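Asks: Need a 3D model of the following:
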Amino acid sequence: MKTLAGTGGLIRLILRRDRIILPIWIVLLCAIPMSYVKQYGELFPTAQSRLDYANNAGFITLYGELSGTSLGEFVTWRLGFVPVMVGLISLLTVIRHTRVEEETGRSELLGSSVVGRHAGLAAALLSTFGANLVLAVLLALGMHSQDLPWSGSVAIGAEFATTGWLFAAVGAVAAQLSANAGTSRGIAISVLGAAYVLRAAGDTSAHTDGPLAWLSWLSPIAWAQRIHPYGENRWWLAVVMLAATAVLVAVAINLAVRRDVGAGLLPARLGPAEGKLGSPLGLAWRLHRGLLAAWTIGFALLGLLFGGVAEGVGDLLRDEPKAKEMFERLGGSAGLIDTFFAGVMTILGLIASAYAVQATLRLRAEETSGRAEPVLATATGRLRWASSHLLFGVLGPALALFASGLTAGLAYGLAVDEVGKQIPRLIGASLGQLPAVWLLAAIALAIFGLFPRISPAAWAGPGICILIGFTNAGVQLADWLNDISPFTHLPRLPGGSLSATPLIVLLAITVVVGFIGLVGWRRRDVPIG
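Replies: Numbering: from 1, shown residues only. Here you go, the predicted structure:
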């Protein structure tokens, strides 16, 4: 097996490089389901209360249909979006350790040693598969520790793991198609998004006895959810997902031998006849535009989805005071619909913080790939170069949140015939998340400037905030723990009172932390750090 020579060494290299970010997402994806057992067990103690909560068109669109009324089934249903997160992290991990390695030239350098043709792809897949297996084991143990049955706990671990494996294989195929890592990510994320949309459309149609219920069976996300842990335990669907994973891995291997190292199977587009990269900002625009478009479109779709289901969720809150209490902890406490939207805006802000960190860490990616050094060798100063990328870390999340507020206001405004009123309200509420988003971007910049070798640790910021936010939605955390997240200090909009003081304080901290990061970047070596 000469083509796999050196796989073990590459796996150790991947684990060393991901020694920070890998444990973070495993712990986070274990902690959220475990916290939900206690939260929802207290919020919805009876089978009827769970059924009433889940029997809502908006929630069916978001999470799918509830398969039963036991606590385990209800928690698994409420976790309907988490497998999507597992799939996203898995495909991004594989692309990072395959296509990105080729794009930066590191793969070719390693290939000049005793490393087989397929070793890089095998190492990326095996590392990601192993991480998902660890997640599955820890999740099964954790859920069983919450007094849930062993069979269901193992099944929910299998649901998460097989989802991660399948979309890791999707990422492996996407990595063979394009020579550009951004395009490969776009292809893989589009497949994931299409799977989620098919699941949502099929389940919504089934709930209304529509003709499109069969669409769900085209979606791997639906296959995973219909394993139904703590219910029917359809293990055969896990086998189907494993078979699909094996097919995709075989396709990726077959495609890999049909192309040159560093190239993709899809033909690259020709560049413009006249160069337009005459400035650092022009170069940054070319590097960030795909990411910016993808996040903006995704946020617009999320806003449209949340705006479309808001009226139905408002009816639910009127009938279920415990559900209202959950949304009040997550968001606001004014009107019922405003309570829902305040919680939604917090969720969108948490997601936007991940985009802000990703855009900011592009600085480190450019540095380690060697592309920053030729630019800095010209008359371009360090601060000017860094500012060109930071512009997208600041304005990119603002544009994405604006898009979500616009589409949410449009969808809800059309439903209640108040488009002119709802659009500005919800745009303002979405943009109100920016001070917290920018603070996490500033922390990422500070880590890049002062401690570049541990730049992936910047992902701990969004991870901790997401964990606090989702845990606090059901259980009132201690004040000191709750205050760690900057999102808990923001005004609860729409509907809440707007106070300028917390916004000013957060912005001031952001400026100071960002300034420290820029000073550190200006003083340290390039690219070693």
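Asks: Skip the chain neighbours and tell me the closest residue to residue 369.
Replies: residue 104 (4.1 Å; Cβ to Cβ, 6 or more residues apart in numbering). C-beta: built from backbone N, CA, C; applies to glycine.
Asks: Who are the contact partners of the one you found?
Replies: Residue 104 makes contact with 368-370 under the criterion Cβ atoms under 8 Å, 6 or more residues apart in numbering.
Asks: out of those, who has the most neighbours?
Replies: residue 368 (17 neighbours; other Cβ atoms under 10 Å).
Asks: Can you give me the distance of the closest residue to residue 24 other than its chain neighbours to residue 103?
Replies: In space, and not counting its chain neighbours, residue 24 is closest to residue 463: 5.0 Å by Cβ to Cβ, 6+ apart. In this structure, residue 463 and residue 103 are 26 Å apart, going by Cβ to Cβ, to the nearest Å.
Asks: among the helices and strands of this structure, which has the poorest mean pLDDT?
Replies: In the chain, no helix or strand scores lower on mean pLDDT, DSSP states H and E than helix 321-330, which sits at a mean of 57.
Asks: next structured bit after it?
Replies: helix 336-360 (DSSP states H and E).
Asks: Just name whatever secondary elements that following helix is in contact with.
Replies: Packing partners of helix 336-360 (3 or more Cβ pairs under 8 Å, 6 or more residues apart in numbering; DSSP states H and E): helix 280-319, helix 321-330, helix 382-416, helix 419-431, helix 434-450, helix 460-472.
Asks: What is the fifth one packed up against?
Replies: Secondary structure elements in contact with helix 434-450, counted by 3+ Cβ pairs under 8 Å, 6+ apart, are helix 336-360, helix 362-368, helix 382-416, helix 460-472, helix 500-523.
Asks: For the residue of the chain most remote from its centre, give me the backbone phi and psi.
Replies: Ranking residues of the chain by C-alpha distance from their mean position (Cα atoms, centre = their mean) puts residue 379 at the top, at 37.2 Å. Residue 379 adopts backbone torsions of phi -80, psi 0, taken as degrees, to the nearest 10.
Asks: Against residue 286, how distant is it?
Replies: Applying Cβ to Cβ to residue 379 and residue 286 gives a distance of 20 Å.
Asks: likewise residue 228?
Replies: For residue 228, the distance to residue 286 equals 46 Å [Cβ to Cβ].
Asks: Does residue 172 touch residue 94 like I think?
Replies: Yes. Between residue 172 and residue 94 a contact is recorded at 5.3 Å, counting by Cβ atoms under 8 Å.
Asks: Tell me the residues that contact both of these two, please.
Replies: Joint contacts of residue 172 and residue 94 (Cβ under 8 Å, 6+ apart) are 124-125.
Asks: The residue nearest to residue 24: neighbour count?
Replies: That count, for residue 463 with other Cβ under 10 Å as the rule, works out to 21.
Asks: so what's it up against?
Replies: Taking Cβ under 8 Å, 6+ apart as the test, what residue 463 contacts is 24-25, 28.
Asks: Go through the residues you listed and give me the one with the most neighbours.
Replies: residue 28 leads these on contacts (other Cβ under 10 Å) with 21 neighbours.
Asks: What residues of the stretch of helix or strand that residue belongs to count as buried?
Replies: Secondary structure assigned from DSSP H and E places residue 28 in helix 21-43. Neighbour-count burial for helix 21-43 flags 21-22, 24-26, 28-37, 39-41, 43 (criterion: 16 or more other Cβ atoms under 10 Å).
Asks: quick one: it to helix 460-472, angle?
Replies: Here helix 21-43 runs at an angle of 10 degrees relative to helix 460-472 (axes from the mean of the first three to the mean of the last three Cα atoms, to 10 degrees).
Asks: after helix 21-43 comes which helix or strand?
Replies: helix 47-54.
Asks: Centre of the chain to that next one, how far?
Replies: Chain-centre distance of helix 47-54: 28 Å, with Cα atoms, centre = their mean, to the nearest Å.
Asks: Kindly report the same for stretch 40-49.
Replies: 29 Å.
Asks: same thing with stretch 150-170?
Replies: 17 Å.
Asks: And for stretch 490-500?
Replies: 26 Å.
Asks: Then stretch 115-132?
Replies: The answer for stretch 115-132 is 22 Å, by Cα atoms, centre = their mean.
Asks: Which residues belonging to it are considered buried?
Replies: Counting neighbours by 16+ other Cβ under 10 Å, stretch 115-132 gives 115-129, 131-132 as buried.
Asks: just stretch 428-448 next, same as before
Replies: So for stretch 428-448, counting by 16+ other Cβ under 10 Å, buried means 429-448.
Asks: Quick check: mean pLDDT of that stretch?
Replies: For stretch 428-448, mean pLDDT rounds to 94.
Asks: Kindly report the same for stretch 2-14.
Replies: pLDDT averaged over stretch 2-14 gives 83.
Asks: contacts for that stretch?
Replies: Residues contacting stretch 2-14 (Cβ under 8 Å, 6+ apart): 97, 110, 113-120, 122-124, 126-127.
Asks: Mind doing that once more with 7 Å?
Replies: Here stretch 2-14 makes contact (Cβ atoms under 7 Å, 6 or more residues apart in numbering) with 97, 114-120, 122-124, 126-127.
Asks: tell me which of the contacts of residue 104 is nearest to residue 153?
Replies: residue 368 (40.1 Å; Cβ to Cβ).
Asks: what does the model give that closest one for pLDDT?
Replies: 79.
Asks: roughly how far apart are it and residue 353?
Replies: Separation of residue 368 from residue 353 (Cβ to Cβ) stands at 23 Å.
Asks: What is the burial count for residue 373?
Replies: With other Cβ under 10 Å as criterion, residue 373 counts 12.
Asks: what's the distance between it and residue 526?
Replies: Residue 373 is 6 Å from residue 526, by Cβ to Cβ.
Asks: what's the answer for residue 350, then?
Replies: From residue 350 across to residue 526, the span is 33 Å (Cβ to Cβ).
Asks: do the same with residue 362
Replies: Taking Cβ to Cβ, one finds residue 362 at 15 Å from residue 526.
Asks: Surely residue 386 and residue 521 touch.
Replies: Yes. The criterion here is Cβ atoms under 7 Å, and residue 386 meets it with residue 521 at 5.9 Å.
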